[in-house]
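> Sequence isn't available, so here's the structure alone:
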Ligand SMILES: Nc1ncnc2c1ncn2[C@@H]1O[C@H](COP(=O)(O)OP(=O)(O)OP(=O)(O)O)[C@@H](O)[C@H]1O
Ligand SMILES: [Mg+2]
């Protein structure tokens, strides 16, 4: 297909009503706070709740998605962009058929793309939209330009913070820089937060409150708190074993915390959508009867 053909096809395809996936970008101000750990496990949790999830690994950290899932990708986003691979070829299957795309050098090279290459990439990403209900993007930490560009283009940003002293100031710095980006829109972006490696529920809630206070005062941004995840040595073991905690320790309190956050993200009310056994059913029934009296 020549360039003109490609452009024509892209324009005509945009007229159609398309299925779009929900893209959730996971980021943090400070590195090593648990972004990749949470991306992988939230992906598994949401997939178990019936959603088709694809993870896009846009992180260049050491413990990245492929290491955590223990599956080596044959090709990555750069192979699609420059070497003629198609979308299916660059998608790698992990445990429980959780799919991911390794960014490779593709994310860094994004700014060097020619117009034709951009058109080509956009077409391919439409295919990904058709395929996935949810795309979870794991980014690198901090205010590196390539990360920020990506984050500011996202409608749904999930910030991970920990109780370490600099974690909140770094998260604030990230939001402050984001706020200055021209393509960032306060109205069309929702920002959510997870507190990771906490030692108590209160610690997590306080962390959110601290960030919320400054961010609201200086940037007029609201941050929804999704919940906290306790410090758990199994997280490190999970990386060593290349087995996500939701698979290796499915009954652990950490797995339950992650599942609760996944439900919150999918807006599933526990009482409504999930059976809690006959006792609860009777409980609810009784309450309803007593209300009538
Ligand atoms: N709740 C937790 N309890 C204990 N350790 C944790 C927890 N969450 C993550 N970790 C550990 O913290 C380290 C960093 O985690 P991870 O690689 O997920 O962070 P990251 O934010 O993706 O890092 P990077 O910024 O380098 O990409 C890992 O060793 C991981 O096992
Ligand atoms: Mg990471």
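Received, thanks. This structure is a prediction, so every number in the text was calculated from the model and none was measured. Ligands and ions are numbered 1, 2, ... in the order given.
> check contacts around the residue of the stretch 151-293 of the chain found nearest ligand 1.
Minimum separation of the stretch 151-293 of the chain from ligand 1 (C-beta to the nearest ligand atom) falls at residue 235, amounting to 3.5 Å. C-beta coordinates here come from the backbone N, C-alpha and C atoms, glycine included. Contacts for residue 235 (C-beta atoms under 8 Å, 6 or more residues apart in numbering) come out as 34, 37, 245, 254.
> at 7 Å what do you get?
If you count contacts by C-beta atoms under 7 Å, 6 or more residues apart in numbering, residue 235 has them with 37, 245, 254.
> ok, and the closest non-adjacent residue to the residue of the chain found nearest ligand 2?
For the chain, the residue closest to ligand 2 is residue 36, as judged by C-beta to the ion, at 3.3 Å. Using C-beta to C-beta, 6 or more residues apart in numbering and skipping the chain neighbours, the partner closest in space to residue 36 is residue 138 (5.3 Å).
> in the sheet, who's paired with that neighbour?
Residue 138 has the following beta-bridge partners by DSSP bridges: residue 26, residue 57.
> Surely it touches residue 68?
No: the pair residue 138 / residue 68 is not scored as a contact, 9.6 Å apart, by C-beta atoms under 7 Å.
> shared neighbours of these two, which are they?
residue 36.
> wait, residue 204 sits on residue 196?
No: Residue 204 lies out of contact with residue 196 (C-beta under 7 Å); the separation is 8.5 Å.
> circling back to that earlier point, residue contacts, the residue nearest to residue 36?
Residue 138 neighbours (C-beta under 7 Å, 6+ apart): 26, 35, 36, 39, 55, 57, 58, 59, 65.
> The last one and residue 94, how far apart?
The gap separating residue 65 from residue 94 is 8 Å, by C-beta to C-beta, to the nearest Å.
> Just want to know which of those two has more residues nearby.
The residue with more neighbours, out of residue 65 and residue 94, is residue 65; 27 against 22, by other C-beta atoms under 10 Å.
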